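Engineer: here is my input; please provide its structure:
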Amino acid sequence: MVQFNLPENSKILKGKYFKDETGSTNIKLVHVYRWDPSKNENPREDTFEVDLNKCGNKVLDILNKIKNEIDSSLTFRKSCAHGICGSCAMNVDGVNTLSCMKSHKEIKGDLRIFPLPHLKVVKDLVADLSALYRQYESIEPWLKTADSKSQKKEINQSKKNREKLDGLYECIMCACCSTACPSYWWNGEKYLGPAVLLQAYRWISDSRDEDKKARLEMVADKLKLYRCHTIMNCTSACPKGLNPAKAIGSIKKMLATS
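Structural biologist: Numbers count the residues shown, from 1 in each chain. As a prediction, this is how the structure comes out:
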């Protein structure tokens, strides 16, 4: 019988309990993943009693309240707080999402917050996205034309061609889709993943770009592209309502018919 062993210090332990001191009757129990690389300790799950009477409606509001009023050592990313930058992506109630867009009122019972799954953790809720950004860089996500260096005027595009980019350019590279993909979990070093492939298709589809053939050849690899098995987790996880699975399917179709 096969026996699997977890790596040393990987088991999540029960952490600290922070009791509300306001006397509020409108309390939400919030369980938060904690791990500090400077300490040789197992990760833990701390529990906070949060007074919702003095808290905004979003999960990010709860995290801000915890950091500002209860435990200043809590570490997480944030920036715009309006679903534009993607910084605050994390796993909330078992679903990858943007904490600035997710309402805690939608979650009945206790609230559980973890970093994005299957990535190295930098600290607490901060996941290491460096590999994802290296993959993003590899697809050369910028407009490429033969005379790009000497181009001084804007490159016009018809309204019809511009509409082809709808559902693609809105991607904010939050990594919610890629970290929800089992194929990316197991092949993240070689499979580009939904987020990067959607971005690749965005440039392949741009009528102004003159490097379409080379872009298609670059992703035409059994590991870079064809590790996608159309599980559709990526589309379900996208907090912006985009469809990475459709974009990946479109790239495959282009390669099959070209």
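
Engineer: in the stretch 1-150 of the chain, which spans are helices?
Structural biologist: 59-65, 130-138 (DSSP state H, counting those that start in this stretch).

Engineer: want to throw those helices into CSV with mean neighbour count?
Structural biologist: C-beta here means a position set from N, CA and C on the backbone, and glycine is covered the same way. CSV is the format used below for the helices of the stretch 1-150 of the chain (neighbours: other C-beta atoms under 10 Å):
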stretch, mean neighbour count
helix 59-65, 21
helix 130-138, 15
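
Engineer: turn these into TSV, columns for mean pLDDT and distance to residue 249.
Structural biologist: As requested, the helices of the stretch 1-150 of the chain are arranged in TSV below (pLDDT from 0 to 100; distance: least, C-beta to C-beta, whole Å):
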stretch	mean pLDDT	distance to residue 249
helix 59-65	98	32
helix 130-138	97	19
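
Engineer: looking at the ones you listed, spot the one closest to residue 220.
Structural biologist: Of all those, it is helix 130-138 that lies closest to residue 220, at 13.8 Å by C-beta to C-beta.

Engineer: what sits up against the helix or strand just after that closest one?
Structural biologist: For helix 130-138, the following helix or strand on the C-terminal side (DSSP states H and E) is helix 159-163. Applying C-beta atoms under 8 Å, 6 or more residues apart in numbering, the contact partners of helix 159-163 are residue 207.

Engineer: what bridges to residue 98?
Structural biologist: On the basis of DSSP bridges, residue 98 is bridged to residue 89.

Engineer: and for it, the neighbour number?
Structural biologist: For residue 98, the count of nearby residues is 27 (other C-beta atoms under 10 Å).

Engineer: show the pLDDT at it.
Structural biologist: pLDDT for residue 98: 98.

Engineer: do the same with the one 4 residues further on
Structural biologist: You'll see residue 102 listed with a pLDDT of 97.

Engineer: returning to that earlier point: could I get the helices of the stretch 1-150 of the chain as JSON lines with distance to residue 176?
Structural biologist: Formatted as JSON lines, those follow (distance: least, C-beta to C-beta, whole Å):
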{"stretch": "helix 59-65", "distance to residue 176": "13"}
{"stretch": "helix 130-138", "distance to residue 176": "11"}
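
Engineer: those: which one's closest to residue 109?
Structural biologist: helix 59-65 (14.3 Å).

Engineer: other SSEs contacting that closest one?
Structural biologist: Applying 3 or more C-beta pairs under 8 Å, 6 or more residues apart in numbering; DSSP states H and E, one finds that helix 59-65 contacts strand 27-34, strand 111-114.

Engineer: ok, residues contacting that helix?
Structural biologist: 28, 30, 32, 50, 54-56, 74, 76, 78, 81, 88, 92, 97, 99-100, 102-104, 111, 113, 125.

Engineer: please repeat the previous calculation with a cut-off of 7 Å.
Structural biologist: 30, 50, 55, 74, 76, 78, 81, 88, 92, 99-100, 102, 104, 113 (C-beta atoms under 7 Å, 6 or more residues apart in numbering).

Engineer: same question, stretch 127-142
Structural biologist: 115-116, 119-122, 173, 175, 178, 188-189, 192-193, 195-196, 199-200, 203, 218.

Engineer: can you select the buried ones from those in ChimeraX?
Structural biologist: Here is the ChimeraX command that picks out the buried ones among those, judged by 16 or more other C-beta atoms under 10 Å:
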select :115,116,119,121,122,173,175,178,188,192,193,195,196,199,200,203,218
